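Novice: 3D, please:
(chains A, B, C and D)
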Protein chains: 2
Amino acid sequence: MRDVAALARVSLKTVSRVVNREPGVSPALTARVERAAHQLDFVPDLTASSLRRADRQSATIGLLLKNIANPFSASLYRAVEDVARARGVVAFAGSLDEDADRERDLAGLFAARRVDGLIVVPAGKDQSYLQKEQQAGLPIVFVDRPPSFLDADAVLTDNREGARVGVRHLLRFGHRRVAYLGDLLTITTARERHDGYLDALAGARLTADPDLVRDDLHTSDEAESAALELMGGALPPTAIFASQNLVTIGAIRALRRLGLQHRVALVGFDDFLLADLLEPAVTVVAQDPATIGRVAAETLFRRLDGDRSPASTVIVPTRLIPRGTGEIPPPA
Amino acid sequence: MRDVAALARVSLKTVSRVVNREPGVSPALTARVERAAHQLDFVPDLTASSLRRADRQSATIGLLLKNIANPFSASLYRAVEDVARARGVVAFAGSLDEDADRERDLAGLFAARRVDGLIVVPAGKDQSYLQKEQQAGLPIVFVDRPPSFLDADAVLTDNREGARVGVRHLLRFGHRRVAYLGDLLTITTARERHDGYLDALAGARLTADPDLVRDDLHTSDEAESAALELMGGALPPTAIFASQNLVTIGAIRALRRLGLQHRVALVGFDDFLLADLLEPAVTVVAQDPATIGRVAAETLFRRLDGDRSPASTVIVPTRLIPRGTGEIPPPA
DNA sequence: TTGAAAGCGCTAACAA
DNA sequence: TTGTTAGCGCTTTCAA
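Specialist: Now for the predicted structure:
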């Protein structure tokens, strides 16, 4: 910038004004400065600018995701990116892999880079470590899972209701023995979906058969084994509710291996690519990561724009998509 | 930092030394400074640090991707993240959506934030605009598509050879009328795959029937329509080679609608989730985004570590995965 | 081993 | 309308 000023024979401040399109610079000087800047391939240093600037904004936000390689996280990121782009804000992202330490570390790395805000899909059970940043004025929006020991905005899926609707769908077709395959109970959303399953049973005056409930399945393989075991039991289920993507796919593999994919009903929580092209097509309770991401980003920017209202929680509804597996009736 | 110094009753420089773990500070002072830092919830400002620091490194890199929501981009990001994480480097990412203007804009935004390096899946046809940054010392690694009008490192898929192998696989089963469904010819990789298709035909002393070749298909829907048209022709193909994910899926939908999914052979370029669970399972030429991302990141960091050797191009091989659709023979 | 002074590239506040 | 001076939070250089 100094070089530009020298070449244009003006002061530093004039260059700054031209670069930032501040009013009150004569057209002649503006042109001279722009020519000089172009000639020197001048790229203004936003980090230096934000250091000095009164608002200290860096036009940068941070995203803590489960795993950027999984479709839910990737859609979320894209939705946030689209909102951010409109404001010239760029985003850092990092994967947590359900690791609470990694969550703290990455939050620290982002904070040290002076991001303007944080969007967090929390991995750990305690977000109070973020309290000091929050009090220092860093807006934080939680996504998919609510924060613990911290009062902050959140955008969540209606997990309990979604699971309830999914299981009720099965019950309506006459199923009475509906199995539940769930993720790690340490994950809030998994617990909520489990509860939704129980709600639906209770709504039909049924109680859960412990032999038909399997929690703590975190991979497709674990889910497949669990489903195989379940179907090999004395009184196998006539329908399965799978609480998560990978679990659903494990259940499909198990049913295929047993040749039961057209006999045993299945509803999965969370939609996945090509679910409609499978045979039979898979009925799911779909989440809406694009909406969740958009709302989260909008909430964050509203805070950055000065909104000081109490922390809000937005619940994004799910949608049941009947495609085939969920509409298989129980054997006569 | 000033506050920490005041509280610990030492100079600014001593705090700086402790924070950066520079040697030569007495244990007594180190402890005092650490206590003060902790007490004040001090988070060092990396942007200010990098501004003053001799090497000017920000421990930040930028990624320009096709679309972070698509699985290829997401896997790439994750692979890069894993390499970067080991060095305490975090990454910005942005989606280009095949928009050359967006590519320039985002590269500019990242440059203005003084990233240490750039990994680029180029959207535009000319990357010479990056020359000045490169000459100013910014390492840039291209991924998936080579740079144009710029000499830089690149990590690419062997598109032409991959397509050749895929089409040859079909020819070996006796097919003579193999259709080609391709993406926009403006995309380098699409053109290379097209050429690989022609190579394979030539290798079998066949010439392409123009009626069986459809380029410029960019969405699943376009591909589906094209495939339907193709199959409705006077002399329909007995096999299809699809040059890309979405095109493959469009072709599958078309074949399903016609009830031909078990009759017409299909090989797709680029693997996708659940390809093995479809009926019939889909044979693909798989790319390896995780390896590509890892190699790209390693190349970038080698440059950051001072490697000044001439620009390199790494070709990552593809792998044919026979699953079913590619092994359907032509009708007798 | 510790610290004082200068300055990275930029903008705020004020002056001319 | 333009410029000067100070200083954002940190590290470098050099001196004590």
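Novice: Do a quick rundown of the helices in the stretch 101-250 of chain A.
Specialist: Remark: helices assigned in the stretch 101-250 of chain A by DSSP state H, counting those that start in this stretch are A:131-135, A:159-172, A:188-203, A:220-231, A:245-257.
Novice: Now mean pLDDT too, for those, in JSON lines please.
Specialist: JSON lines is the format used below for the helices of the stretch 101-250 of chain A (pLDDT from 0 to 100):
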{"stretch": "helix A:131-135", "mean pLDDT": "95"}
{"stretch": "helix A:159-172", "mean pLDDT": "98"}
{"stretch": "helix A:188-203", "mean pLDDT": "97"}
{"stretch": "helix A:220-231", "mean pLDDT": "97"}
{"stretch": "helix A:245-257", "mean pLDDT": "97"}
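Novice: residue contacts, the closest residue to residue A:160 other than its chain neighbours?
Specialist: Using C-beta to C-beta, 6 or more residues apart in numbering or on different chains and skipping residues adjacent in sequence, the residue nearest residue A:160 is residue A:196, 4.1 Å away. Where you see a C-beta, it was placed from the backbone N, CA and C, and this is true even at glycine. Counting by C-beta atoms under 8 Å, 6 or more residues apart in numbering or on different chains, residue A:196 touches A:159, A:160, A:161, A:162, A:163, A:164, A:165, A:166, A:167.
Novice: Can you name the residues of chain A sitting close to DNA strand C?
Specialist: A:1-2, A:12-13, A:16, A:19-20, A:44-45, A:48-49, A:51-55 (C-beta under 7 Å from any atom of the strand).
Novice: Any of these buried? List them.
Specialist: By neighbour count, with 16 or more other C-beta atoms under 10 Å in any protein chain shown, those hold A:1, A:16, A:19, A:44, A:45, A:49 as buried.
Novice: Which two of those have the greatest separation?
Specialist: Farthest-apart pair in those is A:16 and A:45; separation 11.4 Å (C-beta to C-beta).
Novice: Point out the least confident one among the buried ones among the residues of chain A next to DNA strand C.
Specialist: Of all these, residue A:1 has the smallest pLDDT value, namely 90.
Novice: For that residue, give its distance to residue A:8.
Specialist: For residue A:1, the distance to residue A:8 equals 11 Å [C-beta to C-beta, to the nearest Å].
Novice: Identify the contacts common to those two.
Specialist: By C-beta under 8 Å, 6+ apart, the residues touching both residue A:1 and residue A:8 are residue A:15.
Novice: and the residue of the stretch 51-200 of chain A nearest DNA strand D?
Specialist: The stretch 51-200 of chain A approaches DNA strand D most closely through residue A:52 (3.2 Å), counting by C-beta to the nearest atom of the strand.
Novice: go on, the stretch 201-332 of chain A?
Specialist: For the stretch 201-332 of chain A, C-beta to the nearest atom of the strand, closest residue to DNA strand D: residue A:304, 18.4 Å.
Novice: Enumerate the residues of the stretch 201-332 of chain A near chain B.
Specialist: A:249, A:252, A:253, A:256, A:272, A:273, A:274, A:277, A:278, A:279 (C-beta under 8 Å from any C-beta of the partner chain).
Novice: so who does the residue nearest to the first one when sequence neighbours are not counted touch?
Specialist: It refers to residue A:249. Spatially, and ignoring its direct neighbours in sequence, residue A:249 is nearest to residue A:220 (5.0 Å; C-beta to C-beta, 6+ apart). By C-beta under 8 Å, 6+ apart, the contact set of residue A:220 is A:246, A:247, A:249, A:250, A:253.
Novice: Make TSV from those residues and add distance to residue A:152 to it.
Specialist: Shown next, in TSV, are those (distance: C-beta to C-beta, whole Å):
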residue	distance to residue A:152
A:246	29
A:247	29
A:249	33
A:250	34
A:253	39
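Novice: so which of these is the most crowded?
Specialist: residue A:247 (30 neighbours; other C-beta atoms under 10 Å in any protein chain shown).
Novice: What's the local residue count around the nearest residue to it once chain neighbours are set aside?
Specialist: Residue nearest to residue A:247 in three dimensions, not counting chain neighbours: residue A:223, with 4.1 Å by C-beta to C-beta, 6+ apart. Residues lying near residue A:223 (other C-beta under 10 Å) number 29.
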